[in-house]
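K.L.:
one predicted model, sequence on top.
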Amino acid sequence: MVAEARDLPLPSGRFFNIMKAFSAVIIAFGILLFAASPARAAKSERPNVIIIMSDDQGGWDYGFMGNKVIHTPNLDAMVSRGALMTRFYVSPVCTPTRANLMTGRYNYRTRAIDTYIGRAMMEPDEVTIAEVMGASGYATGIFGKWHLGDSYPMRPQDQGFDEVLVIRGGGIGQPSDPPGGEGKYTDPILFHNGEQVQMKGYCTDIYFKAAMDFIGKNHQKGKPTFMYIPTNPPHGPYDDVPEELRKKYAALDVGGTLANPMAAKRNPKVRDQTERVCAMIENIDQNVGRLFEHLKKIGAYENTLVFFLNDNGPNGQRFVGPHRGSKGQIAEGGIRSPLIAHWPGKIPAGLKSSAIAAHYDVFPTVLEAARVKKPDDLRLDGISILGPLTSKVKWADRSIFLQWHRGDHPVPYRNGAVITTRYKLSWPNYGGEFAPKKHGPELYDLVSDPGEKNNLVETKPDIYRQLKRRYDVWFADVSATRPDNFEPPRIHIGNPKERTTVLTRQDWRYSDYGNGWARNAQGHWLVTVEQAGDYEVKVLFSPETKPGDLTVKFGRRMVAADPGPNVGEHRFEKVRFNAGPQRIDARLQYGELIKGVHQIYITKLR
């Protein structure tokens, strides 16, 4: 049989919260009728679903992909017992991949177009896979890295997850770290259902242990579970890794996992970082093994569908098979991941598929596997790939579209690509939206030229024009989804679901005086105050040895204080906020030195 696949994206619809709520009610009602009917199958027939995704692990950092250095015996065994898609695509960096994965839609539709400076916040009206699964009777949980918004209404608990244990921002060691938790992979400070908690242990071990407890509790109740385990390892920083595994790789020649094996011998820093990345990856693999043992122990092994993928190319110049490229690049090494699918009795052991697919296909695949009906008003860009995961179907060709670059607005022909089974047309212009374009179009035959060395634009003009037309239609379509020029979502303050809103440099916008998220950079936040009233405002900043002026502006109002020398925090105990959309600016001035703050905690006073 030939599976049907679209070549061009469907037009986008506009989703509102009221429609999300209505769809959830309709689905939940249908599921209740399904469960109540004596003629229907028992609850046990509804599979648990687990999606595991590592962060910055390249597509060839696995034993089963030919890596001779990194030990991944549990993932190797998962492949031998399940199915492997060898031409699976992800975005060049993490937030776009996460938006695609969670919504089944191109990330340009979701406003989540970059990884920081307010562009890693996803439009809250987007419908997530957790919302659909939850409305269908599943318990839903996330354990690890969300990176689609840290404040209401963009947190995972606002987007369909019942149980939430996550880090803030794009990773531990970034500006969104809570005070005292800066860079700590061991004994990290995490956020459990919105509350800050001090944890014990290594972060990846903590995520998997919490996930195992969650599915065990639900299995005991007879409730199917959907879990998302997105680890932040092997993303940097690299100084805090499992020590026994670090020692193991320090005794090995890790050069074989690099694109240039001699780099580890020539540069001790490269060798040390590579050893630590390898240790993080093997720790993930160990936890995958523990998860499968736990599923067997609780009797859920046979009826659990488990996916594993990485979010983008490697965080360094590592081995990427016959390809080239790394994280951030549109070359194959920057956008490829294996997709492993494990489901005993449903997915044949050892099946391998070369059908092209992408991260936005996981959502509809999960719905089909779990027999969950897609809401009628939900328009997905992905298609179910359950066919090539469960049988050797003849898979029709299709076009995969990927793009990412820095900046506030998507720009055509910048670090983007359209990919078919054989050909790939790309514009590898990495950089910001205003950076000069240094590269013209590049057309490659990926079958005969997987290393993307022979540009065919001049010799195959018909193929070039055909693929360019497809890209142009796609770019026009996704660009039209947000006619407001891709404005980022606003953080909401004063909602009862989040009494204290934390503003960090992860989500601030460019300042009038400078930009970035370095320690003393300046920026501002776009917010909507839901309730007028009195708020406490606590500001964190790096101390100076002399007195200075701290000012915080919100809308047309301003408060100011002299925090004094050697002080890194100031609290405005009672500040009146007006309701409505506004901008919040905060900065410190010490003579001629002007700098931004680290974080602001805004708490509604009762």
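P.N.:
Yes, it's here. Numbers count the residues shown, from 1 in each chain.
K.L.:
only C-alpha atoms for contact and neighbour calcs from this point on.
P.N.:
Fine.
K.L.:
how distant is the helix or strand hosting residue 244 from the center of its chain?
P.N.:
If you go by DSSP states H and E, residue 244 is part of helix 243-250. Relative to its parent chain, helix 243-250 has a centroid offset of 28 Å by Cα atoms, centre = their mean, to the nearest Å.
K.L.:
packing partners for that helix?
P.N.:
In terms of contacts (3 or more Cα pairs under 8 Å, 6 or more residues apart in numbering; DSSP states H and E), helix 243-250 is packed against helix 268-298.
K.L.:
CA atoms only for whatever helix or strand comes next after the helix it packs on, dumped as PDB, please.
P.N.:
The helix or strand immediately downstream of helix 268-298 is strand 304-310, counting by DSSP H and E. Written as PDB, here are the backbone C-alpha positions of strand 304-310 (Å, rounded to 0.1, in the frame of the first residue of the first chain):
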ATOM      1  CA  THR A 304       3.900   1.400  26.500                       C
ATOM      2  CA  LEU A 305       5.000   3.200  23.400                       C
ATOM      3  CA  VAL A 306       8.400   4.900  23.900                       C
ATOM      4  CA  PHE A 307      10.000   7.400  21.500                       C
ATOM      5  CA  PHE A 308      13.600   8.700  21.700                       C
ATOM      6  CA  LEU A 309      15.100  11.500  19.700                       C
ATOM      7  CA  ASN A 310      17.600  14.400  20.100                       C
END
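K.L.:
what packs against strand 304-310?
P.N.:
strand 48-54, strand 336-342.
K.L.:
swap the cut-off to 10 Å and go again
P.N.:
strand 48-54, helix 73-81, strand 83-89, strand 225-230, helix 268-298, strand 336-342, helix 362-370 (3 or more Cα pairs under 10 Å, 6 or more residues apart in numbering; DSSP states H and E).
K.L.:
and among those, the most buried is which?
P.N.:
Mean neighbour count (mean count of other Cα atoms under 10 Å) peaks for strand 336-342 among the helices and strands packed on strand 304-310, with a mean of 27.
K.L.:
quick check: buried residues in the helix holding residue 244?
P.N.:
245-246, 249-250 (16 or more other Cα atoms under 10 Å).
K.L.:
returning to that earlier point: okay, the helices and strands packed on strand 304-310 in TSV with mean pLDDT and distance to residue 491 next?
P.N.:
Shown next, in TSV, are the helices and strands packed on strand 304-310 (pLDDT from 0 to 100; distance: least, Cα to Cα, whole Å):
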stretch	mean pLDDT	distance to residue 491
strand 48-54	98	27
helix 73-81	98	39
strand 83-89	97	31
strand 225-230	98	23
helix 268-298	97	33
strand 336-342	98	33
helix 362-370	98	26
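K.L.:
okay if I get these as a markdown table plus distance to residue 391?
P.N.:
Shown next, in a markdown table, are these (distance: least, Cα to Cα, whole Å):
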| stretch | distance to residue 391 |
| --- | --- |
| strand 48-54 | 19 |
| helix 73-81 | 14 |
| strand 83-89 | 9 |
| strand 225-230 | 24 |
| helix 268-298 | 23 |
| strand 336-342 | 12 |
| helix 362-370 | 14 |
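K.L.:
closest one to residue 216 among these?
P.N.:
helix 268-298 (6.5 Å; Cα to Cα).
K.L.:
what packs against that closest one?
P.N.:
strand 48-54, helix 73-81, helix 203-221, helix 243-250, helix 263-266, strand 304-310.
K.L.:
what separates it from the chain centre, distance-wise?
P.N.:
How far helix 268-298 lies from its chain's middle: 19 Å, per Cα atoms, centre = their mean.
K.L.:
now stretch 227-244
P.N.:
Average the C-alpha atoms of stretch 227-244, do the same for its chain, and the two points are 15 Å apart (Cα atoms, centre = their mean).
K.L.:
before we move on, what about stretch 441-452?
P.N.:
A distance of 28 Å separates the centroid of the chain from that of stretch 441-452, by Cα atoms, centre = their mean.
K.L.:
quick one: buried residues of that stretch?
P.N.:
Quick answer for stretch 441-452 (16+ other Cα under 10 Å): 441-446, 450-452.
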